[in-house]
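Asker: I'll drop the sequence and a predicted model, then ask my questions.
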Amino acid sequence: MDFFIQNAYAQGAQQGSSTSFIIMMVVMFAAFYFLLIRPQQKKQKAHAELVAGLSVGDEVLTAGGILGKITGVSEHYAVVKISDSTEIKIQKNSVSMVVPKGTYDEA
């Protein structure tokens, strides 16, 4: 009789252990989602909106550190004026930020 009681207790402990393990895994996934995945998705969405909103006359800073003024925009590329006689064609995704007007000084 004592054997059956010990066996039943052991099975109950194993089932409780697996339930707590599943709950712990769900909590860990939720923490990763709210601390890592969701902020990255927000950042990607904001960058996509920035790239979609680029227009002629915007002053931009590229990921490589080049500061210039946009003189032309196509679907995937932008032409950026970086000095009086120099224009470069860049991918729109390489624009890291639009800087305030007047930051790019043509002189």
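Answerer: Received, thanks. Numbering: from 1, shown residues only.

Asker: what about stretch 64-84, how long is it end to end?
Answerer: 20 Å (C-alpha to C-alpha, to the nearest Å).

Asker: show residues contacting that stretch.
Answerer: Residues external to stretch 64-84 that are found in contact with it (C-beta atoms under 8 Å, 6 or more residues apart in numbering): 54-62, 87-92, 94-95, 99, 103-104, 106. From N, CA and C alone the C-beta is placed, and that goes for glycine too.

Asker: quick one: strands adjacent to the helix or strand hosting Lys89?
Answerer: In this structure, Lys89 sits in strand 86-91 according to DSSP states H and E. With DSSP bridges as the test, strand 86-91 is paired with strand 77-83 (antiparallel).

Asker: in the partner strand, what counts as buried?
Answerer: Using 16 or more other C-beta atoms under 10 Å as the test for burial, strand 77-83 gives Ala78, Val79, Val80, Lys81, Ile82.

Asker: and the contacts of stretch 64-84, which of them are buried?
Answerer: Buried among the contacts of stretch 64-84 by 16+ other C-beta under 10 Å: Asp58, Glu59, Val60, Leu61, Thr62, Ile90, Lys92, Val95, Tyr104.

Asker: identify the residues contacting the second one.
Answerer: Spelled out, it's Glu59. Contacts of Glu59 (C-beta under 8 Å, 6+ apart): Leu67, Gly68, Lys69, Ile70, Val98, Val99, Pro100, Lys101, Gly102, Thr103, Tyr104.
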